[in-house]
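J.: please work out how this folds:
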Amino acid sequence: MEFFHNGNAVRLRSHHQRYLFAKDDQETVGQDKDRSSNGTRWTVEFVTGFNSVIRLKSCYGKYLTASDQPLILEGLGSSMKVAQTRPSPVDSTIEWELIRVGQHIRLKSRHHSVDSFLRGSGRFRLYSVSHYPPQEDTDRDSLDWNVEQIHEHTTPAPQPSAPNRTPGSGQGDTIGKWQQGVETVGAIAGLVGAIADLVSNSRCG
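T.: Below you'll find the predicted structure:
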């Protein structure tokens, strides 16, 4: 899907206008309205051999996981916990199938035999995040997520500044060095002449 690219980062926003959020205990997941938090950043990894199956890695290096533990909240029925975990070598609990629904996407767990979708609940259920096999009375909007791509901005490295020169300064430097050379040669010639005179006078004496 055009929303996702391997190695890129995204935010997932529920229909409650809150973002899928990796909490700083590095274990639990919730929803947060502060999109600037690092906890709302998820890195996309495509599962080898599939075009629509991904893993989502939190800023803590752990993966969005469909656990087998029930979420104990009133009125959530058969909802199961979603957590952050480190993957085992073969681990379908961290694999999610992308399903597009209009302008939204749904994430279906690949771990369960029944269709179980990532769900963002509202305030009456404490803005919890679970995975859930939808039923007839399920609020389908709670399964929908909007994707926001995170674009990395790089600042170009500053270029070294050229030395300040006034017009003609290069030519002036060259002439000055030439004049110094001429003066040095003249001084050496004078010294040689003086030595020659001394030698000549000593012989004459």
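
J.: all contacts plus neighbour counts: C-alpha atoms, from now on.
T.: OK.

J.: show me where the chain has strands.
T.: 9-14, 19-22, 29-32, 42-46, 53-57, 63-70, 80-85, 96-101, 104-109, 117-120, 129-132, 145-150 (DSSP state E).

J.: care to break this protein down by domain?
T.: The chain breaks down into these domains under automatic domain parsing: 9-150, 173-205.

J.: need the pLDDT of residue 172.
T.: On pLDDT, residue 172 comes in at 53.

J.: same check on the one 4 residues further on?
T.: The pLDDT attached to residue 176 in the predicted structure is 59.

J.: now render the strands of the chain as TSV, adding mean neighbour count.
T.: Shown next, in TSV, are the strands of the chain (neighbours: other C-alpha atoms under 10 Å):
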stretch	mean neighbour count
strand 9-14	23
strand 19-22	27
strand 29-32	23
strand 42-46	21
strand 53-57	22
strand 63-70	21
strand 80-85	23
strand 96-101	17
strand 104-109	22
strand 117-120	27
strand 129-132	26
strand 145-150	18
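
J.: re the thing from before, looking at the domains of the chain, which has the lowest confidence?
T.: Sorting the domains of the chain by mean pLDDT places domain 173-205 lowest, at a mean of 58.

J.: if we can go back for a sec, got CSV for the domains of the chain, with distance to residue 2 too?
T.: CSV is the format used below for the domains of the chain (distance: least, C-alpha to C-alpha, whole Å):
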stretch, distance to residue 2
domain 9-150, 10
domain 173-205, 61
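
J.: follow-up on the earlier one: out of the strands of the chain, nearest to residue 3?
T.: Distance to residue 3, taken as C-alpha to C-alpha, is lowest for strand 145-150 among the strands of the chain, at 6.6 Å.

J.: tilt between that closest one and strand 104-109?
T.: With axes from the mean of the first three to the mean of the last three C-alpha atoms, to 10 degrees defining the directions, strand 145-150 sits at 100 degrees from strand 104-109.

J.: next, the angle strand 9-14 makes with strand 145-150.
T.: With the same axes, to 10 degrees applied, the angle from strand 145-150 to strand 9-14 works out at 150 degrees.

J.: strand 145-150 - contacts with which helices or strands?
T.: For strand 145-150, the elements it packs on are strand 9-14, strand 104-109, judged by 3 or more C-alpha pairs under 8 Å, 6 or more residues apart in numbering; DSSP states H and E.
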